[in-house]
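S.K.: Using only what follows, build the 3D model:
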Amino acid sequence: MALTTRRRALTTLGAALAGSLALPGAQALAAQRKHGPRPLWRAHAHNDYEHPRPLFDALDHRFGSVEADIFLVGDQLLIAHDATELDPSRTLESLYLDPLAARVKANHGSVYRGWRRPVQLLIDIKTEGSSTYLELDRHLLRYKHLFTTYAHGRVHPGPVTAVISGDRAARTPMEAQSVRRAFYDGRLTDLGSAAPASFIPLISDNWTLNFSWLGDGPFPDAERQKLRSIITEAHAHGQQVRFWATPDTAGPARDALWTELLAAGADYFNTDDLAGLEAFLDAHPNS
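M.R.: Next up is the predicted model:
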């Protein structure tokens, strides 16, 4: 990719997917008075559908990202963590797409009224990736103007950015599309690859497969440097970073690890504890 083209792609993607950085003091307070409490863009609701009120509990806690696991059953996309838990009434549409569309309509074009940055919907494919993605693409097409869209080399921001995770076979049909309403969740092996940020805007990986430290005692210097190098490289390519399998039991170890993620510039904090992460990020208002 030519340097000027790459810079243009990164600039466009930064605006469309990463959104704005935290507003400085007085400007942030003025925005909150005008629009209500600021969303916590770094907060990611892991297995969001397991909360009593999927999507709505996370939005009530001002989360900027929610995760939904999907299974392809016929032409339906059902939400569950395990195939034994499938319920035909719990579809991607009923739990996420329809409520998001209704909320965006009520809020005049955004998930959070007055805040134009897209909310991330991380869709984790649990069945065969290629066929499931193709059906998912047909479902997303029904929700015009809801999703950030990639079209012929350009990213067009929408109220919701869908990012596809899970079964890696989804990558093949996604890469073949010149127009798509979703983006691909990369792994650390994708960091620095030829795939542009307009295809892989997010780099996610398992914390425990890459780091030994779980928040107890000092963070080894070599691991701190590794974490910061990963995030620096991702950001240089216009990508964001999320780790899953981080400690999620309330206490000093979790706070210590979250503090290191914050200092390193991690883009998403993975949690099942909505109130706990909300409190942590509220205690660090410049996050």
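S.K.: contacts, neighbours, all on C-alpha from now
M.R.: Noted.
S.K.: for Pro39, phi and psi?
M.R.: Backbone torsions for Pro39, taken as degrees, to the nearest 10, come to phi -60, psi 150.
S.K.: Which strands and helices lie in contact with the helix or strand containing Gly64?
M.R.: Taking DSSP states H and E as the criterion, Gly64 maps to strand 63-73. Judged by 3 or more C-alpha pairs under 8 Å, 6 or more residues apart in numbering; DSSP states H and E, strand 63-73 is in contact with strand 40-45, strand 76-79, strand 119-125, helix 129-141.
S.K.: Any idea which of the ones you listed gets closest to Val241?
M.R.: Checking the helices and strands packed on strand 63-73 against Val241 by C-alpha to C-alpha gives strand 40-45 as the closest, at 10.1 Å.
S.K.: If you count contacts, what does the closest one end up packed against?
M.R.: Contacts defined by 3+ C-alpha pairs under 8 Å, 6+ apart place strand 40-45 against strand 63-73, strand 268-271, helix 274-282.
S.K.: check which helix or strand covers Asp185.
M.R.: Going by DSSP H and E, Asp185 is in strand 183-186.
S.K.: next one: Gly158
M.R.: Short version, using DSSP H and E: Gly158 is in no helix or strand.
S.K.: mind listing the strands for the stretch 101-250 of the chain?
M.R.: Assigned by DSSP state E, counting those that start in this stretch, the strands in the stretch 101-250 of the chain fall at 119-125, 149-151, 154-156, 160-166, 179-180, 183-186, 202-206, 240-244.
S.K.: Name the strands paired with the last one and say parallel or antiparallel.
M.R.: The sheet places strand 240-244 alongside strand 202-206 (parallel), strand 268-271 (parallel), with pairing taken from DSSP bridges.
S.K.: again, but for the shortest one
M.R.: Using DSSP bridges, strand 179-180 pairs in its sheet with strand 149-151 (antiparallel).
S.K.: Take the strands of the stretch 101-250 of the chain and write them to JSON lines, including distance to His61.
M.R.: Shown next, in JSON lines, are the strands of the stretch 101-250 of the chain (distance: least, C-alpha to C-alpha, whole Å):
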{"stretch": "strand 119-125", "distance to His61": "13"}
{"stretch": "strand 149-151", "distance to His61": "27"}
{"stretch": "strand 154-156", "distance to His61": "27"}
{"stretch": "strand 160-166", "distance to His61": "17"}
{"stretch": "strand 179-180", "distance to His61": "30"}
{"stretch": "strand 183-186", "distance to His61": "24"}
{"stretch": "strand 202-206", "distance to His61": "22"}
{"stretch": "strand 240-244", "distance to His61": "19"}
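S.K.: ok so, going back, quick one: closest of the helices and strands packed on strand 40-45 to Tyr184.
M.R.: strand 63-73 (13.8 Å).
S.K.: before we move on, back to that, what lines up beside the strand holding Asp185 in the sheet?
M.R.: Under the criterion DSSP bridges, strand 183-186 sits next to strand 160-166 (parallel), strand 202-206 (parallel) in its sheet.
S.K.: which of the residues in the shortest one are buried?
M.R.: To tie it back to what came earlier, the one meant is strand 202-206. Leu202, Ile203, Ser204, Asp205 (16 or more other C-alpha atoms under 10 Å).
S.K.: Grab the nearest non-local neighbour of the first one.
M.R.: Closest residue to Leu202 in three dimensions, ignoring its sequence neighbours and counting by C-alpha to C-alpha, 6 or more residues apart in numbering: Gln240, at 4.7 Å.
S.K.: so who does the one you found touch?
M.R.: The contact partners of Gln240, taken as C-alpha atoms under 8 Å, 6 or more residues apart in numbering, are Ala18, Pro201, Leu202, Ile203, Ile231, Ala234, Ala266, Asp267, Tyr268.
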